[in-house]
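Q: Build the 3D model from these lines:
(one chain, ligands or ions: 2)
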Amino acid sequence: MKVTAITEIISKEHVEKVRSYIEKYNKIVITTHLSPDGDALGSSLALYHYLSRKGKDVKLIVPNSFPYFLKWMKGAENALIYEYNPEAGRRIIKHAELIFCLDFNVLKRVGDMAPFVKDSGAKTILIDHHPYPDNSFDTVISYPEMSSTSELIFRLLYQLGECESIDKDIAECIYCGMMTDTGGFTYNSNDPEIFEIISFLLRKNIDKDAIYSNVYHNYTEQRFRLLGFTLLKRMKVYNDMHSALIYLSKEDLQKYKSTKGDTEGFVNYPLSIRGVVFSTFIYEDNNHVKLSFRSRGDFACNEFAAEFFQGGGHLNAAGGEFYGTIKDAIALFEAALKKQESKLKNASS
Ligand code: 5GP
Ligand code: MN
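A: Residues are numbered from 1 along each chain as shown. Ligands and ions are numbered 1, 2, ... in the order given. Predicted coordinates:
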């Protein structure tokens, strides 16, 4: 199949390194970040299918489980969930010769697996689009200007001369990752080459409308009820700061019988309010408080996350964490907003 030429943005050195490692090594592990999202899983499964079909002994290990609306992806059922089976995970990591780390920039994002990945003796290759990767990896293939890690995996296969190997399953996974990391191509997706890539994937017979439905028309009733409650009862708007906060305690989540993935995307809703350019979602997780940040325009969520909540991410989408009560997390957030007052007062999208 003909592919419209796209720019070879991955350096030749990186492409050749990946090629030689794939030729040389047989026992390969792919891993990705905690609470895998569509891009984490899409990029990992695309690479997983490619390597499996080359006859490699490849395992996908994810740190913890992923939401129900991602389970339709081919191969998702083969992912080993480390949280549920740490011994098996450690054994596989220990014997791996090559580990691909996808869609994260700092090793601590794989959670409890991090020390085992670090000490495994395998070659580690990071493939990612978050800024500021750390130096825990042997090879760092980091292109923050990419829409998604899934786009990078496409470009890697393209530059390896492996377009013919991209079958429908691989194409679906790549599309899902590109779609979810751009909010259905509504942000971070103005590069025309994204649409060249989509044309290519469509010619592999993917059904992009069905993929959209699988992800976004697949929520539970309780998610909708929880969303209604959140927007009505748990949202604060700081008009003068062009900011908004939504928050959910453990009790709130329990009351609405929330399951993993139910709160996915909640943080985006306040950005639809006129004038709001910075939205934060704070919720209580098992033993800590988790924060999600989104912005429109040039307010840097990743800097805010790093400065106040030990986190990071992209300019317009980042996350962080807080160890303490949700009340204290909200107080710290409001103090942090105040510190950013001059930036936020003048912010526009
Ligand atoms: P989300 O809000 O969807 O959980 O995450 C948004 C972005 O922020 C993702 O790109 C994710 O990788 C990053 N992110 C989320 N939580 C953390 C965190 O605790 N630390 C760091 N460094 N990045 C995070
Ligand atoms: Mn991503």
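
Q: Please identify the helix or strand for the closest residue to ligand 2 within the chain.
A: Nearest residue of the chain to ligand 2: residue 39, at 3.4 Å (CB to the ion). Every residue, glycine included, has its C-beta placed from N, CA and C. Using DSSP states H and E, residue 39 falls within helix 38-53.

Q: ok, back up a step: wait, the residue of the chain closest to ligand 2 sits on residue 183?
A: No: counting by CB atoms under 8 Å, residue 39 stays clear of residue 183, with 11.6 Å between them.

Q: Can you give me every residue that contacts the residue of the stretch 151-300 of the chain found nearest ligand 1?
A: Of all residues in the stretch 151-300 of the chain, the one sitting closest to ligand 1 is residue 292 (3.1 Å; CB to the nearest ligand atom). Residue 292 makes contacts with 267, 280-281, 317-319, as judged by CB atoms under 8 Å, 6 or more residues apart in numbering.

Q: a helix runs through it, doesn't it?
A: No: Residue 292: not assigned to a helix; according to DSSP: H, G, I helix; E, B strand; the rest coil it is strand.

Q: What segments of the stretch 101-250 of the chain are helices?
A: Along the stretch 101-250 of the chain, the segments classed as helices by DSSP state H, counting those that start in this stretch run 114-118, 149-159, 168-181, 192-202, 208-216, 221-233, 250-255.

Q: one step back: quick one: which of residue 39 and residue 183 has more around it?
A: Under the neighbour definition other CB atoms under 10 Å, residue 39 and residue 183 were set side by side, and residue 39 has more, 29 against 17.

Q: what about the more buried one, distance to residue 28?
A: Using CB to CB, to the nearest Å, residue 39 is found at 20 Å from residue 28.

Q: Then residue 111?
A: Note on residue 111: its distance to residue 28, by CB to CB, is 21 Å.

Q: In terms of neighbours, single out the busier of those two.
A: residue 28 (25 against 15).

Q: residues touching that one, list them.
A: By CB under 8 Å, 6+ apart, the neighbours of residue 28 are 22, 51, 56-59, 96-100.

Q: at 7 Å what do you get?
A: 51, 56-58, 96-98 (CB atoms under 7 Å, 6 or more residues apart in numbering).

Q: Poorly predicted segments of the stretch 51-200 of the chain, please.
A: Nowhere does the stretch 51-200 of the chain drop to pLDDT under 70.

Q: what's the neighbour count on residue 115?
A: A total of 12 residues lie near residue 115 under the criterion other CB under 10 Å.

Q: just to revisit the earlier point, list the beta-bridge partners for the residue of the stretch 151-300 of the chain closest to ligand 1.
A: Judged by DSSP bridges, the bridge partners of residue 292 are residue 281, residue 319.

Q: Can you give me the distance of it to residue 197?
A: Going from residue 292 to residue 197 by CB to CB gives 27 Å.

Q: And for residue 252?
A: Distance of residue 252 to residue 197, computed by CB to CB: 40 Å.

Q: what about those two, which has more around it?
A: Neighbour count, other CB under 10 Å: between residue 252 and residue 197, residue 197 has more, with 24 against 18.

Q: Tell me the spatial nearest neighbour of the more buried one, not counting adjacent residues.
A: Spatial nearest neighbour of residue 197, chain neighbours left out: residue 154 (5.5 Å); criterion: CB to CB, 6 or more residues apart in numbering.

Q: follow-up on the earlier one: from residue 308, how far off is the residue of the stretch 151-300 of the chain closest to ligand 1?
A: From residue 292 to residue 308 the distance is 13 Å (CB to CB).

Q: repeat for residue 101
A: For residue 101, the distance to residue 308 (CB to CB) stands at 26 Å.

Q: With residue 136 instead?
A: Distance from residue 136 to residue 308, counting by CB to CB: 24 Å.

Q: quick one: which of those two has more around it?
A: A count of neighbours by other CB under 10 Å puts residue 308 above the other of residue 136 and residue 308, at 20 against 17.

Q: if we can go back for a sec, arrange the contacts of residue 28 in TSV, one row each, with neighbour count, distance to ligand 2 and secondary structure as further columns.
A: Below are the contacts of residue 28 laid out as TSV (neighbours: other CB atoms under 10 Å; distance: CB to the ion, whole Å; DSSP: H, G, I helix; E, B strand; the rest coil):
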residue	neighbour count	distance to ligand 2	secondary structure
51	20	20	helix
56	16	24	coil
57	15	26	strand
58	22	21	strand
96	27	23	coil
97	16	26	coil
98	23	21	strand
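
Q: between the residues you listed, which is closest to residue 258?
A: Nearest to residue 258, judged by CB to CB, of the contacts of residue 28 is residue 58 at 33.6 Å.

Q: Now do the contacts for the closest one.
A: By CB under 7 Å, 6+ apart, residue 58 lies in contact with 28, 30, 48, 51-52.

Q: Between which two of those is the distance greatest?
A: Maximum distance among the contacts of residue 58 (CB to CB): 10.3 Å, for 30 and 52.

Q: higher neighbour count, those two?
A: Under the criterion of other CB under 10 Å, the comparison of residue 30 against residue 52 puts residue 30 first, with 25 against 16.

Q: In contact with the more buried one, which residues?
A: Residue 30 is in contact with 44, 47-48, 58, 60, 100, 102, counting by CB under 7 Å, 6+ apart.

Q: wait, which of these is closest to residue 227?
A: Of all the contacts of residue 30, residue 227 sits closest to residue 44, with 28.2 Å by CB to CB.

Q: count of residues packed around that closest one?
A: Neighbour count of residue 44, defined by other CB under 10 Å: 32.
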